[in-house]
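>>> Coordinates only, no sequence provided:
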């Protein structure tokens, strides 16, 4: 049986998120307008999807500057799908923020019509309720629900429960980011994502962090992870441990 027996695929612009070859996602982590556009110019040469980590942006609380940056970013990357990710400090992000501020910034970004997907932490849904997800989707934005664990790779049942919860809450894509303690954790995570295809129908993104987690970024064709994160040269990004150009070559070779 192929992956498509179980999994829905999600179409965003010209990109299909499914369990075939993982789509290369390049995060942008610039602090200023100029840095963001410069990184976008570089990222679009290789990226199939671009993620803007808006928590790095120094003017993220300024609606006017945020709007200008969103529109300029969309203009720069043209038809490449854009993920808006305002990651909180609790989930390894760069920003301390209230739930009201979080809601406002995300709703502002969605209203700009510049973004295609919003990455939302599962812990935030507990606070803002699933109506927040439905509101984003009502404006034609796909929602990635993300679970982060920077301490360990939880037991299989815990991760499968999270994935089921994400689907129940209405996610378009589920994302699991975990910290392996050894190689066995990485292999187990790959196995969990393979098993997940029989438990949930939504596309899944799987990331194991750190040096030993790098393998997970190139093994999506086996496990069914629909995205792999590659960073720009000389640019730190917590989820992207392999340079995007190298990642593209690895995925093409494995293909």
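Thanks, I have it. Just so we're clear, the structure is a prediction, and the values are computed from it rather than from any experiment.
>>> Where does pLDDT dip in the stretch 151-255 of the chain?
For the stretch 151-255 of the chain, the stretches with pLDDT under 70 are 236-240.
>>> quick one: the helices in it?
All helices of the stretch 151-255 of the chain, identified by DSSP state H, counting those that start in this stretch, fall at 156-168, 183-196, 214-218, 220-223, 244-254.
>>> how long is stretch 54-64 end to end?
One end of stretch 54-64 sits 14 Å from the other (Cα to Cα, to the nearest Å).
>>> looking at the helices of the stretch 151-255 of the chain, which is closest to residue 34?
Taking Cβ to Cβ, helix 244-254 is the member of the helices of the stretch 151-255 of the chain nearest to residue 34, at 20.6 Å. Where C-beta positions appear, they are placed from N, C-alpha and C, glycine not excepted.
>>> Parallel or antiparallel, list what pairs with the strand ranked longest in the chain.
In the chain, with assignment by DSSP state E, the single longest strand is strand 142-149. Strand 142-149 pairs in its sheet with strand 117-121 (parallel), strand 173-178 (parallel), by DSSP bridges.
>>> As CSV, those strands with distance to residue 32 would be great.
Shown next, in CSV, are the strands paired with strand 142-149 (distance: least, Cβ to Cβ, whole Å):
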stretch, distance to residue 32
strand 117-121, 22
strand 173-178, 26
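>>> Tabulate the ones you listed (TSV), appending mean neighbour count.
Converted to TSV, these look like this (neighbours: other Cβ atoms under 10 Å):
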stretch	mean neighbour count
strand 117-121	24
strand 173-178	25
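>>> any residues touching the host helix or strand of residue 67, and which ones?
Assessed by DSSP states H and E, residue 67 sits inside helix 63-77. Defining contact as Cβ atoms under 8 Å, 6 or more residues apart in numbering, one finds that helix 63-77 is touched by 28, 33, 36-37, 40-41, 43-44, 47, 50, 52, 54, 57, 59-60, 82, 105, 108-109, 112, 114-115.
>>> Try it again at 10 Å.
For helix 63-77, contacts defined as Cβ atoms under 10 Å, 6 or more residues apart in numbering pick out 28, 30, 32-33, 36-41, 43-44, 47, 49-50, 52, 54, 57-60, 62, 80, 82, 84, 104-105, 108-116.
>>> Sort out for me which of these are in strands.
Short answer: the contacts of helix 63-77 in strands (DSSP E) are 28, 49-50, 52, 82, 84.
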